[in-house]
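Peer 1: 3D model of this:
(one chain, ligands or ions: 3)
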Amino acid sequence: MIEKSLKNIISKKSIELGFDKIGFADPKEDIDPNKYLDKWIESKYHGTMQWMESRKKERADIFNYFPEVQTVISLAFNYFTKRSSEFSEDYNSKIKFSNYAWGEDYHEIIKKKLHDIKNEILKHDPSIKIILCVDTAPIMEKQWAQKAGIGWQGKNTNLLTKELGSWVFLAEILIDKRLDYDSPFEEDLCGSCTACIDSCPTNALTEYKIDSNKCISYLTIEYREDFENEDLHNWIYGCDVCQEVCPWNIKFEKIKKDKHFEARDSLINFFKSDWENLNEENFKSSFKNSAVKRTKYKGLKRNIDSLR
Ligand code: B12
Ligand code: SF4
Ligand code: SF4
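Peer 2: Ligands and ions are numbered 1, 2, ... in the order given. Coordinates of the predicted model:
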């Protein structure tokens, strides 16, 4: 039986919590008919991200992750407050720091919001089984967002929305209850544009495909070894180039009024003073509750030291 009122309850709560888009997908949708995930891993495009390989079966088939799932609820949260290039210009700095990581760790902020929606669902029906996902769960979030009607996957491989461009975090609520499904987003609105591919400083992109080994985001955040001769093009954490050049972002990006995602004071201070003064102690205090913890002090220092 399709439950009618719960979809409205969830949608209403998500808007109240600041989510910008929501959609409901059928888990039986085939998210990767051409087996691109297998091909991507066979090509070693995941680099040293072993976790992409080890949980491949779950990523490719959501029923291997949550066998009882009946609805995939996909959510998008706009985090855009400013462009990294403008932020650097403000401080006359050549250093660039990806805008998704300026404020609080989105994993924690978004997860809290998902918990609030979960409580609302349980108030309605305490028997519903629920799994909350944001980034780290072994599911393909962009593909589910497309199936839920939120947007399309562009040539830079990010999920783009018509209303806000690609500056959105994705999250999901998986439930063992059948709700009304939305239609997938079927259009590809990239058209003949290739701006992201042409602008990627390391040629990490071919159409709809990324080689992580070449991607600055991967190198600065996920790659743990010492660098040999990598050129980070002044990025010390993440990279926004393929999003900054995208015409959909240029036209539709909207500033989100959310203090959690604005640049934290310590980051502003580093830009005002000098990144070379970063030490283990001020790293710990400055990046508390920040996604930047992922690189640890050693990683961020390596990135800074490798700038040319
Ligand atoms: C691994 C990973 C990375 C890796 C690999 C990136 C990637 N594109 O996969 C690295 C470390 C490089 C990375 C970087 C970034 N990431 Co990341 N990442 C992930 C993660 C954990 C898994 C993604 C995944 O499954 N990749 C596997 C490959 C196979 O997937 P895919 O690229 O989507 O592949 C599809 C297409 O390429 C297509 N395809 C492949 N070949 C071909 C050929 C043809 C002809 C066609 C038509 C299609 C096609 O089919 C594939 C399968 O559907 C997700 C979270 C999650 N659980 O989903 C976040 C996620 C994708 N990342 C995110 C973000 C924000 C970023 C960065 C913007 C951060 C930054 N500013 O530095 C960059 C963007 C770099 C980029 N251009 O993609 C967001 C993206 C939000 C959005 N709007 O899309 C996510 C969803 C996290 C979140 N919860 O918000 N990331
Ligand atoms: S994040 Fe930067 S390096 Fe990675 S694909 Fe986009 S432009 Fe290229
Ligand atoms: S820059 Fe152009 S090709 Fe790349 S994602 Fe945006 S619209 Fe698509």
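Peer 1: For the nearest residue to Gly165 once chain neighbours are set aside, give its distance to ligand 1.
Peer 2: Counting by CB to CB, 6 or more residues apart in numbering, Asn249 is the residue found nearest to Gly165 once chain neighbours are left out, at 3.6 Å. Yep, even glycine has a C-beta here, placed from its N, CA and C like the rest. Remark: distance between Asn249 and ligand 1 (CB to the nearest ligand atom, to the nearest Å) = 10 Å.
Peer 1: Three-state assignment for Asn249, please.
Peer 2: helix (DSSP: H, G, I helix; E, B strand; the rest coil).
Peer 1: Just list the residues touching it, thanks.
Peer 2: Gly165, Ser166, Trp167, Gln243 (CB atoms under 8 Å, 6 or more residues apart in numbering).
Peer 1: Just among these, which is most surrounded?
Peer 2: Among those, Trp167 has the most neighbours (other CB atoms under 10 Å), with 29 neighbours.
Peer 1: who's in contact with that one?
Peer 2: Contacts for Trp167 (CB under 8 Å, 6+ apart) come out as Asn78, Tyr79, Phe80, Asn99, Tyr100, Gln243, Asn249, Glu253.
Peer 1: quick revisit: how about the contacts of Asn249 in CSV, adding secondary structure?
Peer 2: Output for those, formatted as CSV (three-state DSSP):
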residue, secondary structure
Gly165, strand
Ser166, coil
Trp167, coil
Gln243, helix
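Peer 1: from those, which single one is nearest Pro184?
Peer 2: When those are ranked by distance to Pro184 (CB to CB), Ser166 comes first, at 17.9 Å.
Peer 1: Return the distance of the closest one relative to Lys28.
Peer 2: Separation of Ser166 from Lys28 (CB to CB, to the nearest Å) stands at 27 Å.
Peer 1: One more: Ser286?
Peer 2: Between Ser286 and Lys28 the distance is 46 Å, computed by CB to CB.
Peer 1: So between these two, which is more surrounded?
Peer 2: Higher neighbour count among Ser286 and Lys28: Ser286, with 16 against 11, using other CB under 10 Å.
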